[in-house]
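Enquirer: predicted model, plus sequence, below.
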Amino acid sequence: MPLPPMITIIDDDESVRLATESLVRSLGYGTTSFASAEAFLHSAQRGHTACVITDVQMPGMSGVELQAQLKAAGDTTPLIFITAFPEERIRRQVDAAGAFGFLAKPFDGNAMVACIDRALEAASAAR
């Protein structure tokens, strides 16, 4: 039996990480989480994640910078962005770079599920 897709959650707010992990696990997916983009980039999980859900604004590297770094490295892992500060300029920037969602905190669970479904479908089609 194949393992369920692994979804990585990156957010400096522990309560958001835990709530998002709970939602993702309730869908039957595996989860792993990190408090920073840098921790994710330096982890073994980087090559084993089907989708990343990341905060936009974090200490150190932002989610936008993470997206740029992954893209520059040729990493096509789908990204979904969550933010407490939904600026249209940032939405346009991440969308233009291929984001699969840009959700304002607190986000609607159904909206997140739709973003995850689209991201995993695209990742599966790319293989």
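Expert: Noted; the coordinates are in hand.
Enquirer: let's verify the residue nearest the centre of the chain: helix, strand, or coil?
Expert: With distances taken as Cα atoms, centre = their mean, Ile53 lies nearest the centre of the chain, 1.6 Å away. Going by DSSP: H, G, I helix; E, B strand; the rest coil, the secondary structure assigned to Ile53 is strand.
Enquirer: how far away is it from Arg17?
Expert: Ile53 is 9 Å from Arg17, where distance means Cβ to Cβ, to the nearest Å. For every residue, glycine as well, the C-beta is placed using N, CA and C.
Enquirer: got it, and Asn110?
Expert: Using Cβ to Cβ, we find Asn110 at a distance of 20 Å from Arg17.
Enquirer: more neighbours: which of these two?
Expert: More crowded of Asn110 and Arg17, by other Cβ atoms under 10 Å: Arg17, with 19 against 8.
Enquirer: now do the contacts for the more buried one.
Expert: Residues in contact with Arg17 (Cβ atoms under 8 Å, 6 or more residues apart in numbering) are 9, 11, 33, 35.
Enquirer: contacting residues for the third one?
Expert: Spelled out, it's Ser33. Counted by Cβ under 8 Å, 6+ apart, Ser33 has contacts 8-11, 17, 20-21.
Enquirer: any idea what it is bridged to?
Expert: Ile9 (DSSP bridges).
Enquirer: and the pLDDT at it?
Expert: For Ser33, the pLDDT comes out at 97.
Enquirer: hmm, back to that, ok, the residue nearest to the centre of the chain touching Met6?
Expert: No: counting by Cβ atoms under 8 Å, Ile53 stays clear of Met6, with 11.7 Å between them.
Enquirer: what is the least confident helix or strand in the chain by mean pLDDT packed up against?
Expert: Least confident helix or strand, the chain: helix 109-126 with a mean of 91, by mean pLDDT, DSSP states H and E. Counting contacts by 3 or more Cβ pairs under 8 Å, 6 or more residues apart in numbering; DSSP states H and E, helix 109-126 packs against helix 14-26, strand 51-55, strand 79-83, strand 102-104.
Enquirer: can you check what angle separates the first one from strand 51-55?
Expert: Here the directions of helix 14-26 and strand 51-55 differ by 160 degrees (axes from the mean of the first three to the mean of the last three Cα atoms, to 10 degrees).
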